[in-house]
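K.L.:
When you get a sec, could you give me coordinates for this:
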Amino acid sequence: MPYITEFAWFPVKADADGSEAAVAFKNLRPELYSQPGMQGAWSGAPLEKPQSREFVNSWDSEANYITSQDSPIHTQAKKLMGQLIDRSDPAVKPYHNAVALSKPFEVVAAAPVVQVSSFFLPADVDKAAFEAAFNKVLSQVYDSPPDGYVVGANGWALEDVNGAKVFATVTGWESVEKRMAAHAAMADKFGEVQKFTTVVEVHHTSFNKIA
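P.N.:
Here you go, the predicted structure:
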């Protein structure tokens, strides 16, 4: 059973906190997060980009997620969030997608820090072959879990990004330092995955449950 998980990230204006739009969005949250099928919501600031925000919503089905995107309350929330986005750098674009994760996001979000990784793959990628290579790496790395590893989940994004298929992973760690040490020790394990792509976006966020 896939767990439909919505991810949204955007850079935030320096003066966003306390602004009318920020207050209005906070007041909107109870209604926004009580939409049919919504199972939980989290937010945090990526450690690499503290002047930004990441929101994650858990849904009970792809159908309810899709329906929510056109709801009046969602339209209102998008309008308010648009007023909070820092657009000073045209090269930095907000990101939004949903992923069919292999485990509920809540079990990963409970970790002190979550590594969020997105693999951008060619449109004609053989998904089965990529997953086989990825799972081979997982078995080599996590059958004997490295120090600091908590739990992980992965899955395919529902939407392509600039023509690329997206495979996402979320991995809970006790700390960024333990994650860095573990990955330094297993850097040579990822060759099979790198045959498919070297375009990978990685960041780390400590999430707070907001609904």
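K.L.:
Give me the longest helix you can find in this protein.
P.N.:
helix 127-142 (DSSP state H).
K.L.:
following that one, which helix or strand shows up next?
P.N.:
Next helix or strand after helix 127-142 toward the C-terminus (DSSP states H and E): strand 149-156.
K.L.:
model confidence over that following strand, on average?
P.N.:
Across strand 149-156, the average pLDDT comes to 97.
K.L.:
Between helix 127-142 and it, find me the angle.
P.N.:
180 degrees (axes from the mean of the first three to the mean of the last three CA atoms, to 10 degrees).
K.L.:
Strand partners (parallel or antiparallel) of strand 149-156?
P.N.:
Strand 149-156 has the following sheet partners, assigned by DSSP bridges: strand 165-173 (antiparallel).
K.L.:
all helices for this protein, in order.
P.N.:
20-32, 62-68, 72-84, 105-109, 127-142, 176-185, 191-194.
K.L.:
quick one, which of those helices is nearest to L158?
P.N.:
helix 62-68 (6.9 Å; CB to CB). Backbone N, C-alpha and C define where each C-beta goes, glycine included.
K.L.:
So which bits of the closest one are buried?
P.N.:
65, 68 (16 or more other CB atoms under 10 Å).
K.L.:
Quick one: list the elements packing against it.
P.N.:
Counting contacts by 3 or more CB pairs under 8 Å, 6 or more residues apart in numbering; DSSP states H and E, helix 62-68 packs against strand 3-11, strand 95-101.
K.L.:
For it, which outside residues touch it?
P.N.:
Outside of helix 62-68, the residues within contact range by CB atoms under 8 Å, 6 or more residues apart in numbering are 2, 4, 6, 35-38, 59, 74, 98, 100, 158.
K.L.:
circling back: check the helices and strands packed on helix 62-68 for me and report the most buried one.
P.N.:
Among those, strand 3-11 has the highest mean neighbour count (mean count of other CB atoms under 10 Å), at a mean of 21.
K.L.:
Got the confidence number for the residue lying closest to F134 once chain neighbours are set aside?
P.N.:
Nearest residue to F134, sequence neighbours excluded (CB to CB, 6 or more residues apart in numbering): V193, at 5.7 Å. Note on V193: pLDDT of 92.
K.L.:
again, but for L101
P.N.:
At L101, the pLDDT recorded in the model is 98.
K.L.:
Show the contacting residues for it.
P.N.:
Counting by CB under 8 Å, 6+ apart, L101 makes contact with 2-5, 153-155, 168, 170.
K.L.:
other SSEs contacting the longest helix of the chain?
P.N.:
Counting contacts by 3+ CB pairs under 8 Å, 6+ apart, helix 127-142 is packed against strand 149-156, strand 165-173, helix 191-194.
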